[in-house]
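Trainee: how would this look folded up:
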Amino acid sequence: METRSAKRKRVWFSENEGQNGFDRISDLPDSVLHDILFLLPIKSIAQTSVLSKRWRFLWSSFPDLDFTTINPLTSSSLKKTPKRSSHSLSLDFIPHVLALRDKNSDLRTLRFRSRLSFSGLNGLIRCAIRHNVQELDVEVATEDYFNFPRGVIASETLRVFKLKSRYPGFRLLPSCVMKEGFRSLHTLSLSLVILYDQSSLFDLFTETSFPRLKKLSLDACFGLKQLKIGCRALEDLTLENCFQLHGLDIACAKLEKFRVASCFDAYCGKSWVKIDAPRLRTVLWEYNAITDTSSLQNLDSLHEASIGFFILHDDVSLEKLRSVCDLLSGLSHVQSLTLESQSIEILSKIINLAHLLQPFDNLKYLELHTSFNRNNVPGLALLFRSSPVLQTLILKIINNYKIERRLWNRDLWDVSTCEEEQYWESQIQTLKPFLNHLKVVKIHGFLDCENEVSLAKFLLKHGKDLEEMTLCTAPCNERDLRRQKVRSQMMGFSWASSNAKIAFQ
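Mentor: Numbering: from 1, shown residues only. Down below sits the predicted model:
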């Protein structure tokens, strides 16, 4: 028996069949259908071309061609062999797809990843340029080195260009050729660039060469020793894996985000960095070798910074220690600061240079990653003295099993003869501004060792504005009794703040 809802549907379809038919989707404008198709893989989009003449036109005019969904580059397809892996499909059909496109339909996006010959790669890029492509994203592995595609330089429509070479890399054209184009480019990303014959890029990334460039990413530039970037419109800069870099000069009036990771030659006799960016808000300095000199100027708008160093050995020269002071002083306006592993160790070595370190007068959030042995305590105290208005302190203790850490001893606690405790108590006068503003403390990796117990006790005893302390301990059954004693002791003495709450996690 037919239900009422089924009858209503049958009547509605019978009434509308003669007027608009059942295919309401095909009546939508091309732009709306393109947006819908954009959510599908490229293979599914191509299959819609067999539905009708209307859909065949939609496929031939579709502006976003992303072939990465049908031809992903896998690790097995990138082996150093001239033979094409069975996992890497041929992209020979892409030129045919572009040839079948409507002559009046331009390309908005073209993305592909494949193992290609240099001539095949150039042919694809030239074909995309003829279709006025705006975004070109290429990831390619070739049998030999290849040159930067010339067709990209002269394009007047290209806005985004990303070229990632997996093996063996590509070479830039001479600067006199590179500087002839890129008038419309606002995003450039290059990966695995071979620069042994062009080790200095001091005259390429300038305002005249890239007048509209807003985002620049350079990864694995082998042979690059000196780099200067002075693009006036640049807002976002990333530099990674440039291990042979000696000198870096950044002067960009509109730069807002800056990331440098795994860069600089640790064996270089004279390395340097200069940054002048009045609008800079975010600095990510990750796992870099310490330069011999550092100059950070006009970073008055800085909001967030994360600093980490790569150290080959513990013997850091006085010149490099001064450079660390200068780099941190250049960040003095920062509001949120993260110091990665080895940063505290370095700070503990520059106590005699502490007068060179500018105070962080705006710093509200501080996160520290450290192994936290007794040698690091002076570095922590130096940071606390330099952070007079700090409100949140996050301490992530890295358990380095090569470093011996003394277990907390209740007797030493009771008679207050612990060396670390005595040191902190001697710093009360210089740490008063810090202690009067600190509100939240969270210590990850908290163990029953003297270093962290002494610090936690000191902050509880003298933190007048402290509201919350969280101690995150790792599970360890054989020490549960000792930790229970630590907890009871910390809950048992008088705290400076009546509003403070302590939690063990």
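Trainee: Who does the one residue sitting closest to the centre of the chain form a beta bridge with?
Mentor: Centroid-nearest residue in the chain, with C-alpha atoms, centre = their mean: residue 259, separated by 6.3 Å. In this entry, residue 259 is beta-bridged to residue 238, residue 284, by DSSP bridges.
Trainee: Quick check, it in contact with residue 239.
Mentor: Yes. If you go by C-beta atoms under 8 Å, residue 259 and residue 239 touch, sitting 7.1 Å apart. All C-beta atoms are positioned from the backbone trio N, CA, C, and that covers glycine.
Trainee: who are the neighbours in contact with the residue nearest to the centre of the chain?
Mentor: Applying C-beta atoms under 8 Å, 6 or more residues apart in numbering to residue 259 gives the contacts 237, 238, 239, 240, 282, 283, 284, 286.
Trainee: ok, and what's touching stretch 157-166?
Mentor: 73, 78, 106, 129, 132-142, 146, 148-149, 152, 170, 184-193, 219.
Trainee: From those residues, which land in strands?
Mentor: Using DSSP state E, the subset of the contacts of stretch 157-166 located in strands is 135-141, 146, 170, 187-193, 219.
Trainee: What's the first helix or strand after the worst-scoring helix or strand of the chain on mean pLDDT?
Mentor: Using mean pLDDT, DSSP states H and E, helix 410-415 stands out as the lowest-scoring helix or strand of the chain, at a mean of 47. Using DSSP states H and E, the helix or strand that directly follows helix 410-415 along the chain is helix 419-425.
Trainee: Would you indicate which residues of that next one are buried?
Mentor: By neighbour count with 16 or more other C-beta atoms under 10 Å, helix 419-425 contains the buried residues 420, 421, 424.
Trainee: Residue 367: which element?
Mentor: Residue 367 belongs to strand 365-370, assigned by DSSP H and E.
Trainee: mind checking how far residue 130 is from residue 144?
Mentor: Distance of residue 130 to residue 144, computed by C-beta to C-beta, to the nearest Å: 26 Å.
Trainee: Which one of these two is surrounded by more residues?
Mentor: Using other C-beta atoms under 10 Å as the criterion, residue 130 and residue 144 rank with residue 130 on top: 13 against 10.
Trainee: Any regions of the stretch 201-350 of the chain where pLDDT drops low?
Mentor: Scanning the stretch 201-350 of the chain with the threshold set as pLDDT under 70 gives 314-315.
Trainee: Kindly recompute the last result at 80.
Mentor: 269, 312-315, 341 (pLDDT under 80).
Trainee: how about the strands of it, start to end?
Mentor: Counting by DSSP state E, counting those that start in this stretch, the segments of the stretch 201-350 of the chain that form strands are 215-222, 226-229, 236-240, 247-251, 257-261, 272-276, 282-289, 293-297, 304-310, 336-339.
Trainee: Looking at those, spot the one closest to residue 393.
Mentor: strand 336-339 (10.8 Å; C-beta to C-beta).
Trainee: contact partners of that closest one?
Mentor: Outside strand 336-339, the residues within contact range by C-beta under 8 Å, 6+ apart are 303-308, 331, 347, 360, 363-370, 383.
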